[in-house]
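S.K.: need a structure here:
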Amino acid sequence: MKRISLALLALLLTNGLFAQEPVITKGVIKQVTVYRSGAFASAEATAKVTKGPNIIEVRGLPLTIDKNSIQVGGKGVFTINSITNGTYFRDTDTLEKKSKAYILGQKIDSLSLLINDLKDNNSVLKSELNLLTQNQNIGSETIGLKLLDIKAAMAYYSPRFLEIKLALLKNEEQYKINDNKRAICQRELNELSKLGDQEVSVTIDLTAESNDPILLTIDFLMSGCGWSPTYDARTDGVNDKLKITYKADVWQRTGIDWNKVDFSLSTGNPSLNNNYTKANRRYYMLKNEYEQVNNVDKSKNQNVDELEVIGTSRTLSPSVTLISGNVTDGKEPIPYATIAVMSKYGKILTGTQTDFDGNFKIHPITPEAEYIEVSYIGCQKLKYYLVTDYLEIQLHKSNMELNCVEVLWERPLISQGFVEEKEAEKPQYSTFNNFTTTEFKINTPYTFLSDGKENQIEINNTEFKAQYEYYAAPELNQSVFLTAKLVDFENSGYENGPLNVFINDGFVATNTLELPKTSDTAIVSLGYDKALILNRERIKNKARTSTLGFDKTEFFAFNITLRNTKNSAVQVQVQEQIPISTKDDVTVNNIKYGNASFDYKTGIVTWNITINAKEKVELLYEYSISYPSKSNITIR
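M.R.: Numbers count the residues shown, from 1 in each chain. Take a look at the predicted model:
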């Protein structure tokens, strides 16, 4: 009988409470334009309507949708009255499951009321028990009790104590039974909710002019996706042509798969601040001498720099799984700066280093990440809370007094790394240059799973005229690199990114494609040549230190040997760097560099030489540094 009643109740609930359900339809993403971070998408959904008012619920939309960006249109004769959005559990919000969930909810509410009644009853019984306990001592020290009074008191207290104790035990037993029933119902309800993944829905209130089906289009922005550039450079090292293949690593974790979508790649990034920056008047002034002295005294008492903090808490959406950015000193990029991703409680989650241009990218970023810590030798450590997926970071020079003289080097002259080669897809593509961005239209439908994995797509293939030259920076790397100068290099949507180099179809190395900033010539490193042997060493008999009064002078001299084991002559450019002083009481003198050229602003010494086959050449340079004798010298 109870089963029949429950089934009848479920039927009544299904036919009664949920009779006014909206028309449910599924949205299918048809087109996606993927930005460096985020994407713009267009989904379609068909719906059967009746003439007059209709409520259409479109499901199957990504969790990372920007709800403020939703726009609805379509084909058919109808008028949109309002648009709302929400979330639901996939495969859970059916009529059968809703009725079951409703019954479980009613049971839980009824059991909760019964449990609360038992708690209240127990409170009353315990209060009465306490009152009886406090009033057991009848009579007083001055007034005696008669035997009849004692008998009457015992006749009342003893049975009542027993009644209360038995009632408390019974209530406690009923409490455990009902609480266990409620827990079982709650588990069933929780399991029912776990049967599907959460998704976003859009509910559209519209008025249709006929009974004909309509086609709805929903346009929106979404996060949790993006792409990054990568390149392949192929040459035989002799021909004056260098072929560059432009590819994109596309990823998405939006909560739903993109199945056979028409998609484009855009170099734009709508998540960045696109407001222009207006120049303002600035004033320069000297700091008060008293302030300088106090700052130095304060820093001497510290073992570490004061931590610079930007932000107060993470406001970055939990759906964002990739962050990138750039680290500079205000003028120049800082390569090889350390970036650590930290949790709220100071635990290191992951990290990376900036590349040659101070750029970095970290993926994946988990919801646990709260901020990043950026550090570099000689700079103040920075704590930067995650508020956006692209961070422009400026480090300031350390104010600590280290009792030493710093002599600065310019940025590294060349860098090299290695990553695994990837197999590229080769769909057809078209290129569109807009006013501020470049868009690549891929003419082949493609499927991207919502797993966060990178899918590599070929988007451009260009052949450039190249001038090949050898280059070496002995102090930084005792190898001679083959470089290609790409004259009349046109951007065409290119951006800085990793470059895989192939010579004669053999993989050589991975470097970085750097776009020219002020010229039309790009320089690509094609890896080092083992046939050119380089060695740099300090000349010991010229290395000495002298002290005169309060000043100390150190002398430096270096010898560079370059040997060509090839059967043909080669042209090589060799660059070294003489330190630059940053303080008035430190001077660099006695500079000698032979037949090289010297730039006094940068300290760079340059030799352009031709080495015949099987020939060896020697290059020498020297300098001295004078500084206060009580200080120590460090070169970085």
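S.K.: now the helices for the stretch 251-400 of the chain?
M.R.: 289-300 (DSSP state H, counting those that start in this stretch).
S.K.: what bits of it have low per-residue confidence?
M.R.: Low-confidence segments of the stretch 251-400 of the chain, defined by pLDDT under 70, span residues 269-306, 356, 377-378, 398-400.
S.K.: quick one: the strands in it?
M.R.: For the stretch 251-400 of the chain, the strands defined by DSSP state E, counting those that start in this stretch cover 258-266, 308-310, 323-328, 338-343, 348-353, 359-362, 369-375, 382-385, 390-394.
S.K.: can you redo those strands as TSV with mean neighbour count and distance to residue 225?
M.R.: From N, CA and C alone the C-beta is placed, and that goes for glycine too. Below are those laid out as TSV (neighbours: other Cβ atoms under 10 Å; distance: least, Cβ to Cβ, whole Å):
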stretch	mean neighbour count	distance to residue 225
strand 258-266	20	9
strand 308-310	14	26
strand 323-328	20	14
strand 338-343	18	20
strand 348-353	14	20
strand 359-362	18	14
strand 369-375	21	18
strand 382-385	18	23
strand 390-394	17	14
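S.K.: packing partners for the longest helix seen in the chain?
M.R.: When the chain is parsed with DSSP state H, its longest helix is helix 147-193. Helices and strands touching helix 147-193, as assessed by 3 or more Cβ pairs under 8 Å, 6 or more residues apart in numbering; DSSP states H and E, comprise helix 95-134.
S.K.: what about the helix it packs on, distance to the chain center?
M.R.: How far helix 95-134 lies from its chain's middle: 48 Å, per Cα atoms, centre = their mean, to the nearest Å.
S.K.: and it, what does it pack against?
M.R.: Where contact means 3+ Cβ pairs under 8 Å, 6+ apart, helix 95-134 is packed against helix 2-16, helix 147-193.
S.K.: any idea which of those helices scores lowest on pLDDT?
M.R.: Mean pLDDT values for the helices and strands packed on helix 95-134 show the minimum at helix 2-16, a mean of 43.
S.K.: quick one: residues in contact with the next helix or strand along the chain from that one.
M.R.: Later in the chain than helix 2-16, the nearest helix or strand by DSSP states H and E is strand 23-26. The contact list for strand 23-26 (Cβ atoms under 8 Å, 6 or more residues apart in numbering) reads 45-49, 54-60, 216.
S.K.: that older thread, okay, angle between the longest helix of the chain and helix 95-134 too, please.
M.R.: Orientation of helix 147-193 against helix 95-134 (axes from the mean of the first three to the mean of the last three Cα atoms, to 10 degrees) gives an angle of 160 degrees.
S.K.: buried ones in whichever helix or strand comes after helix 147-193?
M.R.: The first helix or strand that comes after helix 147-193 along the chain, using DSSP H and E, is strand 198-208. Neighbour counts over strand 198-208 (16 or more other Cβ atoms under 10 Å) mark 199, 200, 201, 202, 203, 204, 206, 208 as buried.
S.K.: dump the contacts of strand 23-26 to CSV, plus pLDDT and distance to residue 444.
M.R.: Below are those laid out as CSV (pLDDT from 0 to 100; distance: Cβ to Cβ, whole Å):
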residue, pLDDT, distance to residue 444
45, 92, 24
46, 92, 25
47, 91, 30
48, 91, 33
49, 90, 35
54, 91, 37
55, 90, 38
56, 91, 32
57, 90, 33
58, 90, 27
59, 87, 28
60, 85, 23
216, 92, 26
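S.K.: wait, which of those residues is closest to residue 631?
M.R.: Closest to residue 631 out of these is residue 60 (68.7 Å), distances taken as Cβ to Cβ.
S.K.: that closest one belongs to a strand?
M.R.: Yes: under DSSP: H, G, I helix; E, B strand; the rest coil, residue 60 falls within a strand.
S.K.: would you agree it is in contact with residue 28?
M.R.: Yes: the criterion here is Cβ atoms under 8 Å, and residue 60 meets it with residue 28 at 7.0 Å.
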